[in-house]
Structure formats: C-alpha cells, structure tokens
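Chemist: Provided below for reference: sequence and predicted model.
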Amino acid sequence: MKRVFTGLSDPGLLRSVNQDDYHIDDPDGRFFIVADGMGGHAGGQEASRIATQEIENYLSCNWESSESSESLLENAFLKANKAILQDQANHPERADMGTTAVVVILRDQQPLCAHIGDSRLYRLRGAKLNQITEDHTWVSRAMKLGDITADQARVHPWRHVLSKCLGREDLRQVDIQPFDLQPNDRLLLCSDGLTEELSDHLIASHLKSIRSCDRAASALVNAAKDNGGRDNITVVIVAFDESLPSD
C-alpha cells in the first residue's frame, strides 16, 4: 500500500520550550517515532532528542539484518535508554530527565508498535478510532483495576504520573505488539499534549474529515491549542491509500 505521511510539533501556548521530538525522515516510510521528554527544559529536550536519534540510528543500521522485528525494536529502545542514562551520568544537572516514546515499524509484512510512557498510537479505520497502545501511567492502571472511571482519569491530579519511561535503570522490557493494516487506514502517533486537550471523538472527527495529512495534522494541533494548549503537541499521521496525493 502507498503510504503518505507527515509530522508536526508545536510548543503549545504555555511552554517556552518544546520537549517533544519526532522522526518521519525515512524516505521509504519504514518507521515513525514520537517522543515526549520530561525533567526540566534542558533535560526533557535532550532526553527526547537522544531517544529519537538512537532509535532511528539502530533501526536504520540494522533494518536489513537477520534480527527479528521484535528484537530490532526492543534493542533500539534499550540502546536509547542506555544513551540517556549515560548522558545523565555525564551531566548531573539532567539526572532526572526521561522521555516517552512510541514507534511504528513496517517490516516483514507485519506492522509492529513499541511504546513506553503515555505517547500513543491510534488507528482510524472508517469512522472508528482505536487506541492501539495502553498508557504506562498510574491512572491507566487504576482504571484497569476498577479504582477510577475513564471520566475521573481525564481530570485526575495523577494522570501525568508515568509508571515507565526511557531514562531509568530498571527498564528491562519494552511493550511490543503487532497490529493489522488495511487500505484507507490512518495511523496517528502523538504526545499527550494532543490527547490531554482533545477527546478521541474529536481526534477521529479531524482525521476522517480532512483528507490531506498535512492539513489534518495542522487541524489537530490547532484544535489542541484552541482547547488550552497547555503542553507541547506532536502528531505524526500515516495514511495508507494508493489514491492519496502526496502532500
């Protein structure tokens, strides 16, 4: 399937620094990355930059190897985690930095996603938007246990508390999952600056009503800013349709 893709990142209305990063520069559209850094202005920026760069480098250098796609993703994340830990050691002022990451690879006929933290992957199929990833947050776990409702989770004071991120010594395993794709599907990778401001219903409405990936990305970012824009906002959209024009 032909794929058309775009990415857009905005600092939002309240932050002076954009701590998000993303990668869509692979010319064949083999993989896509979104990362959302944390730990002070310099720390968050550096953590997301390191993660995106290390994951991109590992995937590019080992794409044609005999390594399985699952192993390729896991090792890319572990390599990024190690690089962030090394930067923390070299720069104690960034010792508390970390980052989320969500990555999609299209290899060996089986799309895979790896993620850590609360940056998300969605798939739009027809009018239905599905969240593929599950947030690594305190509120997500509390919802699974039935301690809080989805409505309570959206406004809970601990909704941004992560249970996993890159930049931690105890990272041993990465969540990796396959998912299926059909013609006319759209993928959305995004930071929580988008999902904090827009409901899934509003996200789906923009994705399905705007054919151009570039214009859909701009509409999503602008809508998040119109609703408050309290955090950095990053979106990557990948559309699968032979008839789509390149933006």
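Modeler: Yep, it's here.
Chemist: so Ala204 sits against Leu124, correct?
Modeler: Yes: here Ala204 reaches Leu124: they are 6.2 Å apart, a contact under CB atoms under 8 Å. For glycine as for every other residue, the C-beta is placed from the backbone atoms N, C-alpha and C.
Chemist: measure how buried Gly7 is and give me the count.
Modeler: When neighbours are counted by other CB atoms under 10 Å, Gly7 registers 20.
Chemist: what is the host helix or strand of it packed up against?
Modeler: In this structure, Gly7 sits in strand 3-10 according to DSSP states H and E. Packing partners of strand 3-10 (3 or more CB pairs under 8 Å, 6 or more residues apart in numbering; DSSP states H and E): strand 20-23, strand 31-38, helix 213-226, strand 233-240.
Chemist: listing partners with orientation, what would you give for the second one?
Modeler: So the one you mean is strand 31-38. strand 20-23 (antiparallel), strand 98-99 (antiparallel), strand 101-107 (antiparallel) (DSSP bridges).
Chemist: show me the one of those strands that comes nearest Ser66.
Modeler: strand 101-107 (12.4 Å; CB to CB).
Chemist: switch the strands paired with strand 31-38 over to a markdown table; also include mean pLDDT.
Modeler: Compiled in a markdown table, those are given as follows (pLDDT from 0 to 100):
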| stretch | mean pLDDT |
| --- | --- |
| strand 20-23 | 98 |
| strand 98-99 | 98 |
| strand 101-107 | 97 |
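Chemist: just the CA trace of stretch 28-42, in CSV.
Modeler: Only the C-alpha atoms of stretch 28-42 are listed here, as CSV (Å, rounded to 0.1, in the frame of the first residue of the first chain):
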residue,chain,number,x,y,z
ASP,A,28,10.6,4.8,2.4
GLY,A,29,8.4,5.4,5.3
ARG,A,30,9.6,2.3,7.1
PHE,A,31,9.3,3.6,10.6
PHE,A,32,8.0,6.6,12.6
ILE,A,33,8.8,7.9,16.1
VAL,A,34,7.3,10.3,18.6
ALA,A,35,9.0,11.1,22.0
ASP,A,36,7.9,13.4,24.8
GLY,A,37,10.7,14.4,27.2
MET,A,38,10.5,15.4,30.8
GLY,A,39,12.8,16.6,33.5
GLY,A,40,13.3,20.4,33.2
HIS,A,41,13.7,22.4,30.0
ALA,A,42,17.2,21.2,29.0
